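J.: next input, structure requested:
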Amino acid sequence: MGLVADHKPERGGLTVEELVRFPQLRLRVLAGESGLSRSVSWAHVSELADPTPWLLGAELIMTTGMAIPQQAAAQGAYLRRLDDAGVSALALSEQLHVPPLHQEFFATAEARGMPVLEVPLAVPFIAIAQEVAAAVQEDPRQRLGAQLQVFGALRWMASEDLDTATLFRRLERLSGYQVYLCTPQGRPLLPGVPVPPDPAVLPASPDAPPTIPGGFALPVPAPGGPAGFLVAFEREGARPAGLAVVQHIATVAALRLAMARHEHEAQRREGAETLAEMLQDVLDPSAVRRRLRRLGLPADPDDERGMLLLLVVRQARDDTLDRALAEHPRLILRRRDDLYVLAADSPAVREALSGLPGAATGASRPFPPGASLKVPQREAAWAAARATESGQGFVPYGDDTAGRWLPDDPAVLGGLVDHVLGEVLRYDAGHDTRLLDSVRTWMERDRRLDDAAKALHVHHNTLSYRLRRFAELTGRDLTASADFAEVWLAIRAARQIGVID
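T.: Model (predicted):
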């Protein structure tokens, strides 16, 4: 079903009713009398079945009748196309090529409030066009003034440092339009500028005609293709400045978007450098707090925004993580396959990271701004490993009750691994077996033999044999609490120093 155009008379402009009252034109209203208050900006002759790709809205379309279809349904569709494009009225020449008009034609005109006028044969179309041009001659001066002021938007951006919301409110006042911005999917494009209330007005493609009922919809250009769309509706009581001004507003939106993306990328690079230095523990607490403050994160122990959280995110793309945390200040650093994130601790941040599709996220305990990241880094890495192994999307530190007791020294961890697991590691490497992986899977599933065998895709008898062989090689009895704990800590140490995945 088509959209009914929301035509509003322009203050000081020409309406269809005023045009009908011109005695010299002798126009007669055939249908759509409820739409006589529509504004008329131009009069144009068209004999095309669909002239809408070449219209801007508020035109009076004049035809000898050659464009009118013969069939009833086609006549109704023709009127709806014109109305959806914002045409003010349709004028038909009397006694020329107008086919018999069906009831559906008149019903559509009445339902849409689309005025249909009859032009006497003695009145040439050029006479109507001249009267319209003369009546609206003041409008070009008003539009030129609006254009010159809107074109000054680039100067405002440079000299006044306006934020996005203030900039676009000023553009709305000058242009006479209510402005909306959104991505092709209907999401916000720039902060402070609302999305269109009805996504149905968005064009099907960037090459679609710009005219929509009550205004215009234009692509916002960006490298690689449009970043989204600008939708501009005529405001009640305003004098819309026309398509040229709306096109310039779309250009301003594109420039503002490019500036925002540049600022975001610069801030992201600074954040990554800061987080890298914090992880290396080379910054003093005062320098850390200064940088955190500049990057929008809690910077003081008594900051009302609370504590910080360090997270390790695995199996996630940078852009996916950026979208999930779009509303939250954060520092992000990629280290090989892991993404390290520093953010203010909040339920919203935890929820956003819990919902990352296919990702495994580990979180440290909350800590105050300026604190060393040595301990939070270990905590987040352990929690991420636990999330990966268990298949959970988000694991806060504390679920891994064994790993917290391991020392920091890689040499000590390596000694523990070699002492407990060395024989098994050498046996697996030499015989292409999976004894260690089988024992780890069995332990992670709380020694449930059938569950572990299913996860390993082997028969439970095969897994039982592997457990016995592991015990023989290590000399550890997995049914004894002390031996079980030692093996579990050794497996955690092997994971920590990268001996196993």
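J.: what's the domain layout of this structure?
T.: 14-136, 140-261, 280-400, 410-496 (automatic domain parsing).
J.: distance to Glu273 and mean pLDDT for those domains - can I get that in a markdown table?
T.: Heads up, the C-betas are built off the backbone N, CA and C, glycines and all. Listed next are those as a markdown table, based on distance: least, C-beta to C-beta, whole Å; pLDDT from 0 to 100:
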| stretch | distance to Glu273 | mean pLDDT |
| --- | --- | --- |
| domain 14-136 | 50 | 91 |
| domain 140-261 | 19 | 83 |
| domain 280-400 | 8 | 86 |
| domain 410-496 | 26 | 91 |
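J.: including mean neighbour count, could those go into TSV?
T.: Converted to TSV, the domains of the chain look like this (neighbours: other C-beta atoms under 10 Å):
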stretch	mean neighbour count
domain 14-136	18
domain 140-261	17
domain 280-400	18
domain 410-496	16
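J.: now those in JSON lines, with distance to Gln267?
T.: Converted to JSON lines, those look like this (distance: least, C-beta to C-beta, whole Å):
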{"stretch": "domain 14-136", "distance to Gln267": "40"}
{"stretch": "domain 140-261", "distance to Gln267": "10"}
{"stretch": "domain 280-400", "distance to Gln267": "7"}
{"stretch": "domain 410-496", "distance to Gln267": "32"}
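J.: which stretches of the stretch 301-450 of the chain form strands?
T.: Using DSSP state E, counting those that start in this stretch, the strands found in the stretch 301-450 of the chain span residues 308-314, 330-335, 338-344, 360-363, 394-396.
J.: mind giving me the packing neighbours of the third one?
T.: Judged by 3 or more C-beta pairs under 8 Å, 6 or more residues apart in numbering; DSSP states H and E, strand 338-344 is in contact with helix 243-279, strand 308-314, helix 318-324, strand 330-335, helix 374-390.
J.: now for the strands of the stretch 301-450 of the chain, which one comes closest to Asp163?
T.: Of all those, strand 330-335 sits nearest to Asp163, with 21.3 Å by C-beta to C-beta.
J.: what angle do the closest one and helix 243-279 make?
T.: 60 degrees (axes from the mean of the first three to the mean of the last three C-alpha atoms, to 10 degrees).
J.: show me the contacts for Leu55.
T.: Leu55 sits next to His44, Ile61, Ala85, Gly86, Val87, Pro209, Thr211 when contact means C-beta atoms under 8 Å, 6 or more residues apart in numbering.
J.: the third one - nearest residue in space that isn't next to it in sequence?
T.: In this case it means Ala85. Closest residue in space to Ala85, ignoring its immediate chain neighbours: Thr52 at 3.9 Å, by C-beta to C-beta, 6 or more residues apart in numbering.
J.: and the gap between the one you found and Pro69?
T.: Between Thr52 and Pro69 the computed distance is 15 Å (C-beta to C-beta, to the nearest Å).
J.: right, and the helices and strands packed on strand 338-344 - which one's nearest Val193?
T.: helix 243-279 (7.8 Å).
J.: sorry, back to before: select from the contacts of Leu55 every entry located in strands.
T.: His44, Ile61, Thr211 (DSSP state E).
J.: if I pick the residue nearest to Ala85, what's in contact with it?
T.: Residues near Thr52 by C-beta under 8 Å, 6+ apart: Arg81, Leu82, Asp84, Ala85, Pro209, Thr211.
J.: what residues does the closest residue to Ala258 other than its chain neighbours make contact with?
T.: Excluding the flanking residues, the one nearest Ala258 by C-beta to C-beta, 6+ apart is Ala222, at 7.3 Å. Ala222 is in contact with Ala254, Leu257, Ala258, counting by C-beta under 8 Å, 6+ apart.
J.: right, and the helices and strands packed on strand 338-344 - which one's nearest Gly176?
T.: Between Gly176 and the helices and strands packed on strand 338-344, the tightest spacing by C-beta to C-beta is seen for helix 243-279, at 8.2 Å.
J.: what is the subsequent helix or strand relative to the closest one?
T.: helix 285-294 (DSSP states H and E).
J.: other SSEs contacting whichever strand or helix holds Leu90?
T.: Assessed by DSSP H and E, Leu90 sits inside strand 89-93. Counting contacts by 3+ C-beta pairs under 8 Å, 6+ apart, strand 89-93 packs against strand 59-63, strand 116-119, helix 125-135.
J.: so which of the ones you listed comes closest to Leu162?
T.: With C-beta to C-beta as the criterion, Leu162 lies closest to strand 59-63 of these, at 35.1 Å.
J.: the closest one pairs with which strands?
T.: strand 42-45 (parallel), strand 89-93 (parallel) (DSSP bridges).
J.: residue closest to the middle of the protein?
T.: Arg187 (4.3 Å; C-alpha atoms, centre = their mean).
J.: measure Val312 to Ala343 for me?
T.: 12 Å.
J.: hmm, who's touching the strand holding Leu90?
T.: With C-beta under 8 Å, 6+ apart as the test, strand 89-93 has contacts from 16, 19, 27, 30, 32, 35, 38, 40, 43, 60-65, 68, 79, 82, 98, 114-119, 121, 125, 128.
J.: just the angle between that strand and helix 125-135, please?
T.: Going by the same axes, to 10 degrees, strand 89-93 makes 150 degrees with helix 125-135.
J.: on that earlier part again, for the ones in strands among the contacts of Leu55, which one is nearest Val439?
T.: For the ones in strands among the contacts of Leu55, the nearest to Val439 is Thr211 (69.9 Å; C-beta to C-beta).
J.: find the residue closest to that closest one in space, skipping its chain neighbours.
T.: Closest residue to Thr211 apart from its sequence neighbours, by C-beta to C-beta, 6+ apart: Gly57 at 4.8 Å.
J.: pretty sure Leu56 sits against Gly215.
T.: No. Judged on C-beta atoms under 8 Å, Leu56 makes no contact with Gly215 at a distance of 10.5 Å.
J.: give me the distance between the two termini of stretch 235-253.
T.: Terminal residues of stretch 235-253 lie 19 Å apart, using C-alpha to C-alpha, to the nearest Å.
J.: figure out how far it is from the centre of its chain.
T.: Put simply, stretch 235-253 sits 24 Å off its chain's centre (C-alpha atoms, centre = their mean, to the nearest Å).
J.: which residues does stretch 191-207 contact?
T.: Stretch 191-207 is contacted by residues 3, 163-166, 168, 179-182, 184, 186-189, 212-213, 217, 219, 225-226, 229, 231, 253, 260 when judged by C-beta under 8 Å, 6+ apart.
J.: right, I mislabeled it, should have said stretch 95-103
T.: Contact with stretch 95-103 is made by Leu30, Thr64, Gly65, Met66, Ile68, Pro69, Gln70, Gln71, Ala72, Gln75, Leu92, Leu121, as judged by C-beta under 8 Å, 6+ apart.
J.: just the ones of the residues you listed in strands?
T.: The members of the contacts of stretch 95-103 that map onto strands under DSSP E are Leu30, Leu92.
J.: okay, the contacts of stretch 95-103 in CSV with distance to Ala287 next?
T.: Listed next are the contacts of stretch 95-103 as CSV, based on distance: C-beta to C-beta, whole Å:
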residue, distance to Ala287
Leu30, 79
Thr64, 80
Gly65, 80
Met66, 78
Ile68, 77
Pro69, 75
Gln70, 81
Gln71, 78
Ala72, 78
Gln75, 76
Leu92, 78
Leu121, 86
